[in-house]
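Q: generate coordinates for the sequence data below:
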Amino acid sequence: MRAGQVAVIALVAAALGGLVVLGGVAVFDIGDGGDKVVLTAPGEDTGAPSAAAVKPLLGNSFDPAEIYRRRSPGVVTIYSIFDEQPTPADDAHAAQGSGFVVSPDGYVLTSSHVISTAGEGRPTRIAKRVYVAFRDNDRVDAEVVGVDLNDDVGVLKLDPDDHALTSVPLGDSSKVVVGEPVAAIGSPFGNTDSLAVGVVSSSSRSIPSLTSNFNVVDAIQTDAPITHGNSGGPLLDARGRVIGINAQIRSESGDSEGVGFAIPINAARRSMKQLIEDGSVAYAYVGVTAGTLTPTLAKRFDYPVDRGAVVERIAAGSPGLSAGLRCGRETEVFRGVQFKKGADVIVAIDGQPVTSADDLVRIVSERLEPGQQSTFQIVRGDERKSIAVRLGERPPGTTINACS
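A: Okay, the predicted model is just below:
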């Protein structure tokens, strides 16, 4: 984060309500949670991280001191310089955040807003120079491999010959349980190598991205303090495995008090793989926003199904519109909920059940790819239909604000 600026989302962001916008990326191999967590190289000569096995901590107890002792050597402080010749006293030229080493090849994961100006309301710039500092205060140069602004993920590359590297093992964010203890390591307010602890407050939040117009699904909510400078650092489970990248705080006051969120590590893995291989991340695109159909709403508006994703908006020229999906054009407020009457309800994609708007974006983001043709099963009135949708690639900065 830029010095003096806290990554804050005011609660007014909740005005987005139940609307979610669809996007997706490819999949990175995930360790099975056994004796070792393995970061697998994605094919030959791709420049991706080499295979690196790091043992998780033994036992089932939560020992923050041991987690810190074993993992803090792999957590780094990141300094990003955006102008050619910054004045040391001018904090507008620099940003400071956190990151962590994920392979002996020198790859480092962080947040995209740590190494870019994304989310500041102006054209995004990538840092001209990036330095990475280790716990021994030694600083080395880092190369920006790429940024994924949709999921707020950034990847750096260090030269392994510049400093001894300790990798931090990656876990499986799909197995996160509400109430489990977690530890966050980073550099809040520039205080390097700091530890904070808490619990997982929720494991499946859909939150607005700090750096794009789209939502991040399956974000991890935590009460572990995440403050200015923590962005990009790891959120670790009891066995010392990274389950998320600390990214933002939602606050009413605009200060650092509030609810913290981390980008799920499974999403970050997918982003990292594509950034290393291609320098960018391609997201599937349907071009719709959706709300959630509940049993009460289904009964009120005479739908023959209880659950699904209600198509509320469709972008002009989008794959969803070309495929024939229909959105609701008349809004009625029922028990405080704005509902689009007469809209298609998506109940499955390629045989995978869709029971909510979050399910819809989750399936598209995790399982579908640009150019792929998928079968959307919908309910329209009293009929069930199957519609073939040829997915596009998400255009940058897309906002869907009308029913075309």
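Q: give me the low-pLDDT residue ranges for the stretch 1-150 of the chain?
A: By pLDDT under 70, the weakly predicted segments of the stretch 1-150 of the chain are 1-55, 58-60, 84-93.
Q: all strands for it, in order.
A: 8-9, 20-21, 37-39, 52-54, 75-81, 94-101, 107-110, 129-133, 139-148 (DSSP state E, counting those that start in this stretch).
Q: quick check: which of those strands is nearest to G381?
A: For those, proximity to G381 was assessed by CB to CB; strand 20-21 is nearest, at 23.9 Å. Any C-beta I mention is one placed from the backbone N, CA and C, and that applies to glycine too.
Q: on that earlier part again, output the strands of the stretch 1-150 of the chain in CSV, with mean neighbour count and distance to I363 appended to each entry.
A: Written out in CSV, the entries for these read as follows (neighbours: other CB atoms under 10 Å; distance: least, CB to CB, whole Å):
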stretch, mean neighbour count, distance to I363
strand 8-9, 20, 25
strand 20-21, 28, 11
strand 37-39, 22, 25
strand 52-54, 19, 30
strand 75-81, 25, 33
strand 94-101, 25, 29
strand 107-110, 28, 25
strand 129-133, 19, 35
strand 139-148, 20, 19
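Q: need these in JSON lines with distance to R384, can you?
A: Formatted as JSON lines, the strands of the stretch 1-150 of the chain follow (distance: least, CB to CB, whole Å):
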{"stretch": "strand 8-9", "distance to R384": "38"}
{"stretch": "strand 20-21", "distance to R384": "23"}
{"stretch": "strand 37-39", "distance to R384": "43"}
{"stretch": "strand 52-54", "distance to R384": "48"}
{"stretch": "strand 75-81", "distance to R384": "51"}
{"stretch": "strand 94-101", "distance to R384": "47"}
{"stretch": "strand 107-110", "distance to R384": "43"}
{"stretch": "strand 129-133", "distance to R384": "52"}
{"stretch": "strand 139-148", "distance to R384": "36"}
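Q: out of the ones you listed, the one nearest A282 is which?
A: If you check each of the strands of the stretch 1-150 of the chain against A282 by CB to CB, strand 139-148 wins as the nearest, at 10.1 Å.
Q: which helices and strands sit right next to the next helix-or-strand element following that closest one?
A: Past strand 139-148, further along toward the C-terminus, the next helix or strand under DSSP states H and E is strand 153-157. Based on contacts counted as 3 or more CB pairs under 8 Å, 6 or more residues apart in numbering; DSSP states H and E, the elements that strand 153-157 packs against are strand 107-110, strand 139-148, helix 265-278.
Q: give the rounded mean pLDDT of strand 153-157.
A: Averaged across strand 153-157, the pLDDT comes to 97.
Q: would you mark the buried spots in the helix or strand just after that strand?
A: Per DSSP H and E, strand 153-157 leads on to strand 181-186 as the next helix or strand towards the C-terminus. Applying a neighbour-count criterion of 16 or more other CB atoms under 10 Å, one finds 181-186 buried in strand 181-186.
Q: stretch 218-231 too?
A: Of the residues in stretch 218-231, those buried by neighbour count under the rule 16+ other CB under 10 Å are 218-222, 224-231.
Q: show me these that map onto strands.
A: With strands identified by DSSP state E, the entries of the buried residues of stretch 218-231 that belong to them are 218-222.
Q: picking up where we left off before, columns distance to S386 on top of the helices and strands packed on strand 153-157, output as TSV?
A: Converted to TSV, the helices and strands packed on strand 153-157 look like this (distance: least, CB to CB, whole Å):
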stretch	distance to S386
strand 107-110	39
strand 139-148	32
helix 265-278	28
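Q: pLDDT added to the ones in strands among the buried residues of stretch 218-231, as TSV?
A: Formatted as TSV, the entries for those read as follows, by pLDDT from 0 to 100:
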residue	pLDDT
D218	88
A219	93
I220	95
Q221	95
T222	94
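Q: which one among the residues you listed gets closest to P104?
A: Distances from those to P104 were compared by CB to CB; the smallest belongs to I220, at 26.6 Å.
Q: right, and the strands of the stretch 1-150 of the chain - which one's nearest G287?
A: Minimum separation from G287 across these (CB to CB) falls at strand 20-21, 8.6 Å.
Q: that older thread, if we take the buried residues of strand 181-186, which one ends up nearest to R129?
A: G186 (20.9 Å).
Q: check Q248 and give its pLDDT.
A: So, for Q248, pLDDT stands at 87.
Q: assumed it was part of a strand.
A: Yes. Counting by DSSP: H, G, I helix; E, B strand; the rest coil, one finds Q248 located in a strand.
Q: count the neighbours of it for me.
A: 30 (other CB atoms under 10 Å).
Q: how about T124?
A: Other residues within reach of T124 by the criterion other CB under 10 Å amount to 17.
Q: do the same with L195
A: The number of residues packed around L195, counting by other CB under 10 Å, is 17.
Q: kindly report the same for R384.
A: Using other CB under 10 Å: R384 sits among 14 other residues.
Q: circling back to that earlier point, any chance of CSV for the buried residues of strand 181-186, columns pLDDT and distance to V354?
A: Formatted as CSV, the entries for the buried residues of strand 181-186 read as follows, by pLDDT from 0 to 100; distance: CB to CB, whole Å:
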residue, pLDDT, distance to V354
P181, 96, 33
V182, 97, 30
A183, 96, 35
A184, 96, 33
I185, 96, 37
G186, 94, 36
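Q: pick the one among the residues you listed closest to A290.
A: For the buried residues of strand 181-186, the minimum distance to A290 (CB to CB) is 30.5 Å, reached by V182.
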